[in-house]
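K.L.:
based on what follows, work out the 3D shape:
(one chain, ligands or ions: 1)
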Amino acid sequence: MNLCDLGTIKQIMAAHGLTFRKEFGQNFLTRREVVEEIADRCCDDENTTILEIGPGIGVLTQELAMRHRKVIAVEIDRGLIPVLHGTLAEYDNIELHNADVMEVDLPALLAPAFAEGPVAVCANLPYYITTPILMKLLESGLPFSTITVMVQAEVAQRLCAKAGSGDYGAITAVLAYYGRAERLFTVPAGYFVPPPKVNSAVVRIDLWQDRPCKPIDEALFFRVIKGAFEQRRKTLVNALSSAFPEFSKEELAEEIVAAGHRADIRGEKLDVAAFSDLADRLAARKENK
Ligand code: SAM
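P.N.:
Here you go, the predicted structure:
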């Protein structure tokens, strides 16, 4: 059964009395070459277990199962579970869970897989919840080797932006803390059923095995990034003075200048290393207050 064939997809959905559920971001891939390319490029090691979020009717799941030791798939839509039992029946290396990934205890779910070897993530993500899912994966602290996700093209642009560019934002800096993001390729809206409103792109994040930035106080470091972008148009000193009422503007300006920046710099000019350095200075100053 060709799960990329439009007629087959519609037939499967109708046979199970299902419709494409917008509230679950259901846009299914219809191009075999795209599915294969994602499966090929998400991870270089076949001994890796893949966590797939949102298998849909199983098109990517099949390709991942052919290439990797094991696939753990988490699908929120109960109606798709009987479909998946059929389309994945001939694979004995797929573990299927009917759950909302945001509710799943990832360390517990993946503990046996991590005990056996490396684990990576691969998903054509539901667009309504892209950033929360990414943040949950990153903040879990789990040592995934890679996270490969299909997201809206403009989100991909943001994830992979360079400091100082218009697309650069808090999510870019936070992501750079956890790993190196690379935009792999663009996927036109017409390659999905139903087609979404915008094009998509596949992004692969290679997580740092040893993080280049090691802020003294991680919570404060994230507060600096969030504060810097909350009021993007303001200078860094003004943005941070709203986010850090415990420091006076003069104190913040002193630390920004001591870190080698102009006093009127905007937050979007700082890369993750510069944020980490500034956060360390503020942490030290707080300590000495
Ligand atoms: N992997 C399939 C493909 O590439 O054709 C389907 C991708 S579709 C964009 C997103 C999938 O994620 C849907 O199957 C949807 O039901 C599922 N989904 C949406 N929200 C979810 C959540 N919170 N947890 C798990 N799965 C979710």
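
K.L.:
ok, the nearest residue to residue 5 once chain neighbours are set aside to the ligand distance?
P.N.:
Distances taken as CB to CB, 6 or more residues apart in numbering put residue 30 closest to residue 5, at 7.5 Å, once the chain neighbours are dropped. For every residue, glycine as well, the C-beta is placed using N, CA and C. Distance, residue 30 to the ligand, using CB to the nearest ligand atom, to the nearest Å: 8 Å.

K.L.:
ok, residue 47 touching residue 117?
P.N.:
Yes. Using CB atoms under 8 Å, residue 47 makes contact with residue 117 at a distance of 5.2 Å.

K.L.:
in contact with the closest residue to residue 79 other than its chain neighbours, which residues?
P.N.:
Spatial nearest neighbour of residue 79, excluding adjacent residues (CB to CB, 6+ apart): residue 18 at 4.9 Å. Under the criterion of CB atoms under 8 Å, 6 or more residues apart in numbering, the neighbours of residue 18 are 79-80, 83.

K.L.:
who wins on neighbours among these?
P.N.:
Compared across the contacts of residue 18, residue 80 has the highest neighbour count, 25 neighbours, by other CB atoms under 10 Å.

K.L.:
spit out the contact partners of that residue.
P.N.:
Residues near residue 80 by CB under 8 Å, 6+ apart: 18, 55-57.

K.L.:
any idea how far residue 87 is from it?
P.N.:
To residue 87, residue 80 is 10 Å away according to CB to CB, to the nearest Å.

K.L.:
residue 272 too?
P.N.:
Look at residue 272 and residue 87: by CB to CB, they are 41 Å apart.

K.L.:
quick check: the residue nearest to residue 5 touching residue 194?
P.N.:
No. Residue 30 is not in contact with residue 194 according to CB under 8 Å; the separation is 10.2 Å.
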